[in-house]
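Engineer: would you be able to build a 3D model of this:
(one chain, ligands or ions: 2)
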Amino acid sequence: MATRFWLVHLACVALLIILPFGSFRPISEEIVDDSNASSAEINAAAPPVLQPRGRKPEALAQISSEQFKLAADYLIEFGYLPDENFTDYLVPDMPFIPEDQLPEEFISGLEWFQRQNGLTVTGRVDDETSDAMKLPRCGKHEQRMSYNVGAKWKKVSLTYKIINTTALLPDKLVREELIKALKVWENVSPLKFVEVGINQTADIDMFFVSGQHNDGERNAFDGPGRVLGHAFMPPFSKTKKDLDGDLHLDNDEKWSINEKKGVNLLQAAAHELGHSLGLDHSTISEALMAPTYKGYKPLFQLHQDDIEAIQALYGKPSTKTDASSSSASSGGASKAVTPSVTSNSKVTEDKKDPKKQTIVNLCSEEPIDTFVSTMDGSIYLFKGEYFWDLSHGKLPMSPKKKYPQLISAKWKELPSSIDAAVRMQNPTAKQDGKIFFFKGDRYWKYDNDKIEPGYPKLIKEGFPGIPNSVDAAFTQPAIIAKGNKVIREERIFFIKGKKFFLYDPVAGNSSSPQMLQDDWFGVKLPITAALSLKNEMYLIGKKKFQKILLLTYSQNRVYGNIHQAKNLDQLIVCDTTK
Ligand SMILES: [Zn+2]
Ligand SMILES: [Zn+2]
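Structural biologist: Ligands and ions are numbered 1, 2, ... in the order given. Down below sits the predicted model:
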């Protein structure tokens, strides 16, 4: 049984060798002569010559079987890999595995882990990834489908009880720390917590426990280190069931208060409480809600991302306390003040050209057309006949000075109001770095701001299977191992209405369309633009955006975890006047 997965994978490899049109295929783009590639823009004109994978393992990047096993176990344990079909990844009888023979699911799970933890997404077991897997962490399993959408308490006054404390620390201090952890969230939201007696029913039960503790074998604690605790999300319905909202801390940890050694109780409890209140893990590694514990922080504060997450669910603190309290947010809310411009009042004051007015407000009713990033790291935003260069060190991204500018000032041949754009990201491919713009039934190909000869062309010729007038597009970049070997090929996502299409630029074909809401549960439509920023993907709609974590679980289906929709001003500074 343990051998099943590996056997299946080997069978796939064998199949690939036999079938010339197998879905995995080495990049063969080099054989395309670009000058006559009119009918299949970025596909291979002839059926690619198939080279069996791993023919020259000595030339390839490889990982030790031991490393593979450790990583696979970790990914399964914390939910980054499904454990239903393959309970074990049998390590083949060889000390090293060529990276291009790693199971596709394994790479997907690894990428998910990397995105989730704010690491560079390489799809490979690199040092940064191995190190992150060694950190102590929250034991809450990642779930493949979005679970945070709608999981919130339907009230703001919540009850709790502290069922027990932990032996190494005085009861009184433990209680104080847990109450402080509640305060952390109380300070930045309208939530209020009320303690109830031990015999009463509470919304949130908190306790310390070791090993298995009646909430499933998968949730058993693991002794000192590694898993520190876990908590259960709020009930979906009005009535709380069993474990909903409860918080469990591993009693075998060396819990500590205000000191470097051990595991800081306040930080760990506040993190778990975040889950009890409905928060998902954050992909920002400095956030409290990041999955791993990175040590004691004497001046522990919530990250802006934590604050935004809780406020997206419950809103801002009620103002009645006193006027200064929103900025006081004492318990340690960090105040990286979001420059949320109250755009409405600005616009009415502004008596300039009305067209320009809506255009300078990036979050206005008129949707953003597209984003595109370039090889040099610039990110451009397109809206109507204008574009902006965004500085993107931290969110929200803000337009640089001297913008907006007319699109025609940089990309002379482009029309206004374009539908979508992508930059190709496969360093082994000829098209790497090229930018494609789409509008209506046509597309334009640029090398930075230089158009290539013969454009525009028709979408149906260059991108067979892709509909005209798409809403958004982005790429899932290729993953390349050291020997310049492609581990996972690039795919272009096209979004139109309720559907998405996956385009394989090497094979030159597209998957049959999938319903967005089936594979990206919780996604809000319509989507007008998409952006990939560092490790993260963003889908942009009218006035709102959603972060998505992509998890590839099969060749033609790409599942994603969709975060709750947030206001656009948390992604971009809306008003570009002044
Ligand atoms: Zn957690
Ligand atoms: Zn538990």
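Engineer: residue contacts, whichever residue of the stretch 301-450 of the chain sits closest to ligand 1?
Structural biologist: Taking C-beta to the ion, ligand 1 has its nearest neighbour within the stretch 301-450 of the chain at residue 306, 11.8 Å off. No exception for glycine: its C-beta is placed from N, CA and C like everyone else's. For residue 306, the contacting residues are 188, 274, 279, 282, 287-289, by C-beta atoms under 8 Å, 6 or more residues apart in numbering.
Engineer: change it to 6 Å
Structural biologist: Counting by C-beta atoms under 6 Å, 6 or more residues apart in numbering, residue 306 touches 287-289.
Engineer: of those, which is the nearest to residue 155?
Structural biologist: Using C-beta to C-beta, residue 289 is the member of the contacts of residue 306 that sits closest to residue 155, with 21.9 Å.
Engineer: torsion angles phi and psi at residue 283?
Structural biologist: In terms of degrees, to the nearest 10, the main-chain angles of residue 283 are phi -90, psi 0.
Engineer: is it in contact with residue 118, as I believe?
Structural biologist: Yes: with contact defined as C-beta atoms under 6 Å, residue 283 and residue 118 form a contacting pair (5.4 Å).
Engineer: around ligand 1, pick out the residues from this protein.
Structural biologist: 138, 140 (C-beta under 5 Å from the ion).
Engineer: residue in the chain nearest to ligand 2?
Structural biologist: Across the chain, the shortest distance to ligand 2 (C-beta to the ion) belongs to residue 248, at 3.5 Å.
Engineer: what is the burial count for that residue?
Structural biologist: By other C-beta atoms under 10 Å, the residues close to residue 248 number 22.
Engineer: what pLDDT does the model give it?
Structural biologist: You'll see residue 248 listed with a pLDDT of 97.
Engineer: mind listing the helices for the stretch 201-350 of the chain?
Structural biologist: Using DSSP state H, counting those that start in this stretch, the helices of the stretch 201-350 of the chain run over residues 265-276, 304-314, 325-328, 343-349.
Engineer: gap between the residue of the chain closest to ligand 2 and residue 79?
Structural biologist: Distance, residue 248 to residue 79, by C-beta to C-beta, to the nearest Å: 17 Å.
Engineer: out of the contacts of residue 306, which is nearest to residue 109?
Structural biologist: residue 289 (20.5 Å).
Engineer: what sits closest to that closest one if chain neighbours are left out?
Structural biologist: Excluding its sequence neighbours, the residue lying closest to residue 289 (C-beta to C-beta, 6 or more residues apart in numbering) is residue 282, at 3.9 Å.
Engineer: hmm, residue 390 and residue 400 touching each other?
Structural biologist: No: using C-beta under 6 Å, residue 400 makes no contact with residue 390, being 7.0 Å away.
Engineer: more neighbours: these two, which one.
Structural biologist: Between residue 400 and residue 390, counted using other C-beta under 10 Å, the more crowded position is residue 390 (23 against 12).
Engineer: in a strand, the more buried one, correct?
Structural biologist: Yes: assessed by DSSP: H, G, I helix; E, B strand; the rest coil, residue 390 belongs to a strand.
Engineer: identify the residues contacting it.
Structural biologist: Per C-beta under 6 Å, 6+ apart, neighbours of residue 390: 379, 381, 397, 399.
Engineer: go again using 7 Å as the cut-off
Structural biologist: Neighbour list for residue 390: 379, 381, 397-399, 572 [criterion: C-beta atoms under 7 Å, 6 or more residues apart in numbering].
Engineer: can you pull the residues of the stretch 101-250 of the chain lying near ligand 2?
Structural biologist: Checking the stretch 101-250 of the chain against ligand 2 by C-beta under 5 Å from the ion, the hits are 215, 219, 248.
Engineer: as a markdown table, the residues you listed with distance to residue 424 would be great.
Structural biologist: Putting these into a markdown table (distance: C-beta to C-beta, whole Å) gives the following:
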| residue | distance to residue 424 |
| --- | --- |
| 215 | 47 |
| 219 | 43 |
| 248 | 47 |
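Engineer: in the chain, where is pLDDT below threshold?
Structural biologist: Under the criterion pLDDT under 70, the flagged ranges of the chain are 1-60, 83-92, 143-150, 320-359, 553-555, 576-578.
Engineer: quick check: the residue of it nearest ligand 1.
Structural biologist: Closest approach between the chain and ligand 1, counting by C-beta to the ion: residue 138, at 2.8 Å.
Engineer: that residue - how many residues pack around it?
Structural biologist: Residue 138: 22 surrounding residues under other C-beta under 10 Å.
Engineer: cool, the one 4 residues further on as well?
Structural biologist: By the measure other C-beta under 10 Å, the count of residues near residue 142 is 20.
Engineer: touching, residue 547 and residue 539? I think so.
Structural biologist: No: contact criterion C-beta atoms under 7 Å: residue 547 and residue 539 do not qualify, at 8.1 Å.
Engineer: those two: who's more crowded?
Structural biologist: Between residue 547 and residue 539, counted using other C-beta under 10 Å, residue 539 has the larger neighbour count: 28 against 21.
Engineer: who's in contact with the more buried one?
Structural biologist: By C-beta under 7 Å, 6+ apart, the contact set of residue 539 is 523, 527, 530, 545-546, 548.
Engineer: which of the residues you listed tops the neighbour count?
Structural biologist: In terms of neighbours by other C-beta under 10 Å, the contacts of residue 539 top out with residue 545 at 26 neighbours.
Engineer: after the one helix or strand it maps to, next one along is what?
Structural biologist: Secondary structure from DSSP states H and E places residue 545 in strand 544-552. Downstream of strand 544-552, the first helix or strand assigned by DSSP H and E is strand 558-562.
Engineer: what packs against that following strand?
Structural biologist: Where contact means 3 or more C-beta pairs under 7 Å, 6 or more residues apart in numbering; DSSP states H and E, strand 558-562 is packed against helix 516-519, strand 544-552.
Engineer: distance of the residue of the stretch 301-450 of the chain closest to ligand 1 from residue 312?
Structural biologist: Distance from residue 306 to residue 312, by C-beta to C-beta: 11 Å.
Engineer: that older thread, how about the helices and strands packed on strand 558-562, which one is nearest residue 477?
Structural biologist: strand 544-552 (10.8 Å).
Engineer: could you check the angle strand 558-562 makes with that closest one?
Structural biologist: Counting by axes from the mean of the first three to the mean of the last three C-alpha atoms, to 10 degrees, strand 544-552 points 140 degrees away from the direction of strand 558-562.
Engineer: contact partners for the residue of the chain closest to ligand 1?
Structural biologist: Residue 138 neighbours (C-beta under 7 Å, 6+ apart): 228-230, 271-272, 291.
Engineer: list the beta-bridge partners for it.
Structural biologist: Under DSSP bridges, the beta-bridge partners of residue 138 are residue 229.
Engineer: understood, closing this out.
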